[in-house]
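Asks: Okay, here's the prediction I keep looking at, along with the sequence it came from:
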Amino acid sequence: MRKIAIITAVCAALVLPVPTFAGNTPPETTWQSIQGDIFKNTAFLNGEDVMSMDAPYRAEDAAIVPIVLKVQPDSGIRKVTIVIDENPAPMAAEFIFGPAAASASFSSRFRVNSYSWVRAIGETEDGKQFMIKKFVKASGGCSAPASKDAEAARALMGKMKLRVFKAGESRVLEQSNGTREAQIMIRHPNNSGLQMDQVTMLHIPAHFVDSIEVKRGDDLVLKVEGGISLSEDPNIRFFYKAAGSGDFLVNASDTDGQVFKNSWPAQGS
């Protein structure tokens, strides 16, 4: 159902104008109108004591806006949803953290289509929801042309790289108490359905990674359910427990039904 909602939103965006605002800040009415479509429970607690978010106030490139989320390890948060209010499909991605995850902290890159609040909603196992937000000035991220031509993108599609960071290399959290950081990178155009072929001047059909699962042995580290707001060549940094065992196993899929798999030893990429 979520995938259908994303594709429906993309189709609607092809015929509707991008919202404009009298001032620099979009009204909270957008959030008020969409929150019930994304969450069954719309009771949100202030999350500033358990989470923090780094995002540029003015993005250098609206198609690859970096977002770093830091979550307190003792917060009990096991799921994080990123919502970009003014994007055609506001629910950008959902991050689910399993028993092999050391923290719900992560960083990734997102498309931002117009000046918008970017929200992170963290959910605990007992159903509490904590929310924080940052305002980002960006425009055209969902319709920006791809960084490489279609033929080159097809040739590289599905190729993956995993990097395991050494202690002290983390830019998100101190790697202490058995916490290690890794990064998964997947080659994929992640076409939003809003981009235009520069030769034919026709819209390129939506085609994006909708699921990424990272395991260490049999234990889940991270699962991501994404949409058109994840940037081209999805790139996610995450934290795992150093005390675990087994190789890293990554299983990803896209909206065309393609499946991409790979594995790496936990001590390196």
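Replies: Cool, the structure landed.
Asks: Every contact and neighbour count from this point should use C-alpha atoms.
Replies: Noted.
Asks: For the closest residue to S211 other than its chain neighbours, give the beta-bridge partners.
Replies: Distances taken as CA to CA, 6 or more residues apart in numbering place E225 nearest to S211, at 4.6 Å, with adjacent residues excluded. With DSSP bridges applied, E225 shows beta-bridge pairing to E94, S211.
Asks: List the contacts of E225.
Replies: Neighbouring residues of E225 by CA atoms under 8 Å, 6 or more residues apart in numbering: 93-95, 210-212.
Asks: farthest pair in those residues?
Replies: Using CA to CA, the contacts of E225 span at most 11.8 Å, a distance reached by F95 and D210.
Asks: overlap in contacts of these two?
Replies: 224-225.
Asks: element containing A152, please.
Replies: helix 150-156 (DSSP states H and E).
Asks: chain center to that helix, what's the gap?
Replies: Computed by CA atoms, centre = their mean, to the nearest Å, the chain-centroid distance of helix 150-156 equals 22 Å.
Asks: what residue is smack in the middle of the protein?
Replies: Within the chain, the residue whose C-alpha comes closest to the C-alpha centroid is A93; the distance, by CA atoms, centre = their mean, is 4.6 Å.
Asks: Now it. Nearest residue, chain neighbours left out?
Replies: Nearest residue to A93, sequence neighbours excluded (CA to CA, 6+ apart): G226, at 4.4 Å.
Asks: The one you found and A266, how far apart?
Replies: Applying CA to CA, to the nearest Å, the value for G226 to A266 is 25 Å.
Asks: Between these two, point out the one with more neighbours.
Replies: The residue with more neighbours, out of G226 and A266, is G226; 26 against 19, by other CA atoms under 10 Å.
Asks: Can you tell me how far the more buried one is from N41?
Replies: 21 Å.
Asks: Buried residues of the helix holding A152, list them for me.
Replies: A153 (16 or more other CA atoms under 10 Å).
Asks: Remind me what the next helix or strand after that helix packs against, helices and strands.
Replies: Using DSSP H and E, the helix or strand that directly follows helix 150-156 along the chain is strand 160-164. With contacts taken as 3 or more CA pairs under 8 Å, 6 or more residues apart in numbering; DSSP states H and E, strand 160-164 sits against strand 179-186.
Asks: and the end-to-end length of stretch 133-142?
Replies: Where stretch 133-142 begins and where it ends lie 20 Å apart, using CA to CA.
Asks: Please compute how far it lies from its chain's middle.
Replies: The chain centroid and the centroid of stretch 133-142 are separated by 14 Å under CA atoms, centre = their mean.
Asks: Also stretch 198-209?
Replies: 21 Å.
Asks: What ranges does the stretch 1-150 of the chain have for its helices?
Replies: Remark: helices assigned in the stretch 1-150 of the chain by DSSP state H, counting those that start in this stretch are 2-13, 29-38, 150-156.
Asks: Can you pull out the low-pLDDT segments for this protein?
Replies: 1-26, 168, 170-177, 267-269 (pLDDT under 70).
Asks: mind running it again at 50?
Replies: The chain contains residues with pLDDT under 50 at 1-18, 268-269.
Asks: Run a quick neighbour tally on D149.
Replies: By other CA under 10 Å, 12 other residues sit near D149.
Asks: Quick check: the gap between it and V50.
Replies: D149 is 42 Å from V50, by CA to CA.
Asks: same thing with G193?
Replies: Distance from G193 to V50, by CA to CA: 36 Å.
Asks: How about D247?
Replies: From D247 to V50 the distance is 31 Å (CA to CA).
Asks: Please apply the same query to F106.
Replies: For F106 relative to V50 (CA to CA), the value is 14 Å.
Asks: For these two, indicate the residue with more neighbours.
Replies: Set F106 next to V50 and count neighbours by other CA under 10 Å: F106 wins out with 22 against 18.
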